[in-house]
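Chemist: Quick check, what structure comes out for this input:
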Amino acid sequence: MAEQPAALEKEANDRLKDARNGKASWLQDFKECYFFTAPQRQRYQSSETQAPTEPLRDEGELNTSLAGLLAQDFVTEVVNDYMPEAQPWCERGRGMFVPPDVWDKIKDQVGKDDKIIFDGMKSSNLYAETNKIFFPDLGIGTCGCWIDRPRTFGPISVKAIPLRELECALGPDGMIDDRWAIRFTKNCYVKALLPGIKLPDDVQKQIDDKPADKTEIRWGFWRLWARDDDECWQAVVMIKSKLVDSKVLVGEGSCPLIVMRFNPTADWPWGLGPTLTNLPEFRQVDELENQRIRNIELHVAPPFAYPNDSFAAIEEGLEAGYGYPIQRGGGEDIKPIYEPGPPDAANYLYADKEARLRKAHYIGFPEQTGDTPPTLGQWLDEMAREQRRIGGPGAAFYREGPANIFLRFKFLLEAAGVIQPVKVDGRNVALLPYNPAQRAAEQQEIATNVQAIQILSQAFPEEFKVQVDGAATMKAIIDKMRAKLIAFRDAGQIEAAIGQISSLMKGKLGDTGQGAGDPGTTPRIAA
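Modeler: Residues are numbered from 1 along each chain as shown. Below you'll find the model as predicted:
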């Protein structure tokens, strides 16, 4: 490998240092989120040093698994809404700078290629890896994945990049620009992770001499904004702080490291997911659960008193099942000295907190606010309102996550020659990734047009048939609904069908003998 420029190595180290400094103030919150949602996972979220090799054991600290259940349900909701395996969840549409006549030339090819892209996703390990990618990082607000084809003879591979290995920073457009994946791996695995890269002699000697030791590998990417002809990324590979490889990636979807955020802000590179923003409620729920357990203990084994010359100090409180000495002459030798109160208020508060947390994680259901059950229409409206709540914070997630996953698979399939870039007159055409989940908003447009058709056809039947092109209107509605299975006849088939219908109508009138002066004649059944 040719010697790499020292300036690029210094720039890479400076960018990583800035990204790590920006993450430092969030580490405690990330660690606490992992404590509530995934206590068995690695809670050390800094990429600067190697994480502990064994999970932390906090016996008796966490009192409820509610946070973990909500974080898992949140992942399920997001995947079902934005990346359902059973149906295509992304498609390319006409961009703002693509004329309609150009789109008409390429839309059939685009539709076929989109289907191939989704077949490629199903053939990869994408859907098997989604839970590792999103849980619990998506509830915290930021997660990452690596999509690449490391070997030309192998399939496309998807790997989760946990929060502890991820470093990122905002770019000039307010989006995630600098992004790093930092991994401590055994020396014997370095070559497998860096195929085709010639390592410096001192690094290679260290790997050969101590194969069981661990080495820090850094993969970094940042946009080259000086290139305005295409999307370009500077990619670097480093062993600790030493640059060992670099290249420029060109094209939409060329960056293998995808960083996605739920509910991002303009201030920080880290999203504000529901788990992160509801940490106060999780603390309260955990403490309420602890108090409920103590109340149950006091009911099951209440403290009692027994005769003694002096009374024990109880400034630290009463323990369930413990005996406390009292002076003689009380009238009873052994008796309970504390009656625990009913836990009704604590149970109500706990249920209220749990309901709020479920709603915050977008897994709430419509609630019956009065004594009268809601009508079906009211219930459906409430369900639609609950589903729309995730649309605001989820819109940015879709653009940064699923849409870029789709574009990454498209880029890799084009590089492998499975599909061809979309071109018109020899020039590439930029298309817009489109979320089919947005079609719910388009249903209102379809319903409005159908209502207009019904009103106009009844009020002005003759004029409506003359003025409105029925075939074009049907095709427009079907295109808007994306009904792929409806096929239209060509002109020759339409003419033949009209002829058959005319013949059948004439034959039916002849069989019934029905004419202008005999409207009520009973039809005869042909032998």
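Chemist: Can you list phi and psi of L166 for me?
Modeler: Dihedral pair for L166: phi -100, psi 130, per degrees, to the nearest 10.
Chemist: Need the per-residue pLDDT for it.
Modeler: Looking at L166, its pLDDT reads 96.
Chemist: got it, and Q50?
Modeler: 84.
Chemist: so what's it up against?
Modeler: Counting by Cβ atoms under 8 Å, 6 or more residues apart in numbering, Q50 makes contact with F184, K214, E216. Just so you know, the C-beta spots here come from the backbone N, C-alpha and C atoms, and that holds for glycine as well.
Chemist: Please indicate which of these are buried?
Modeler: Buried subset of the contacts of Q50 (neighbour count, 16 or more other Cβ atoms under 10 Å): E216.
Chemist: Tell me which residues touch I217, please.
Modeler: Taking Cβ under 8 Å, 6+ apart, one finds I182, R183, F184, T185, V190, L193, L194, V237, M238, I239 in contact with I217.
Chemist: try E167
Modeler: Contacts of E167 (Cβ under 8 Å, 6+ apart): L16, A19, R20, K23, S47, D178, R179, W180, I182.
Chemist: Check G253 too.
Modeler: N404, L407, R408, F409, K410, F411, L412.
Chemist: quick one, phi psi at the first one?
Modeler: Okay, so that is N404. Torsion angles at N404 (phi, psi; degrees, to the nearest 10) stand at phi -70, psi -30.
Chemist: Leaving out sequence neighbours, find the closest residue to it.
Modeler: I258 (5.0 Å; Cβ to Cβ, 6 or more residues apart in numbering).
Chemist: give me the element that neighbour is part of.
Modeler: Assessed by DSSP states H and E, I258 sits inside strand 257-261.
Chemist: average pLDDT across the next helix or strand after that strand?
Modeler: Later in the chain than strand 257-261, the nearest helix or strand by DSSP H and E is helix 274-277. The average of the pLDDT scores along helix 274-277 is 95.
Chemist: buried residues in the following helix or strand past helix 274-277?
Modeler: Sequence-wise, the next helix or strand downstream of helix 274-277 (DSSP H and E) is helix 279-300. Under the neighbour-count criterion of 16+ other Cβ under 10 Å, helix 279-300 has L279, E281, F282, V285, D286, L288, E289, R292, N295, L298 buried.
Chemist: ok, the fourth one touching L66?
Modeler: Looking back up the chat, that one is V285. Yes. Counting by Cβ atoms under 8 Å, L66 is a contact partner of V285 at 6.0 Å.
Chemist: what sits in contact with each of the two?
Modeler: In contact with both V285 and L66: E354, L357, using Cβ under 8 Å, 6+ apart.
Chemist: Could you check how far the closest residue to K186 other than its chain neighbours is from G391?
Modeler: Spatially, and ignoring its direct neighbours in sequence, K186 is nearest to K214 (5.7 Å; Cβ to Cβ, 6+ apart). Between K214 and G391 the distance is 43 Å, computed by Cβ to Cβ, to the nearest Å.
Chemist: before we move on, what about N263?
Modeler: According to Cβ to Cβ, N263 stands 12 Å off from G391.
Chemist: ditto for V98
Modeler: Distance, V98 to G391, by Cβ to Cβ: 26 Å.
Chemist: Check E281 too.
Modeler: For E281 relative to G391 (Cβ to Cβ), the value is 23 Å.
Chemist: again with T152
Modeler: Taking Cβ to Cβ as the measure, T152 falls 40 Å from G391.
Chemist: who has more neighbours, those two?
Modeler: Between T152 and G391, counting by other Cβ atoms under 10 Å, G391 is the more crowded of the two (15 against 7).
Chemist: Quick check, pLDDT for that one.
Modeler: Turning to G391, the model gives it a pLDDT of 78.
Chemist: Identify the residue nearest C232 in space, chain neighbours excluded?
Modeler: Using Cβ to Cβ, 6+ apart, the nearest residue to C232 is L224, at 4.3 Å.
Chemist: now do R223
Modeler: Closest to R223 by Cβ to Cβ, 6+ apart is D177, at 5.3 Å.
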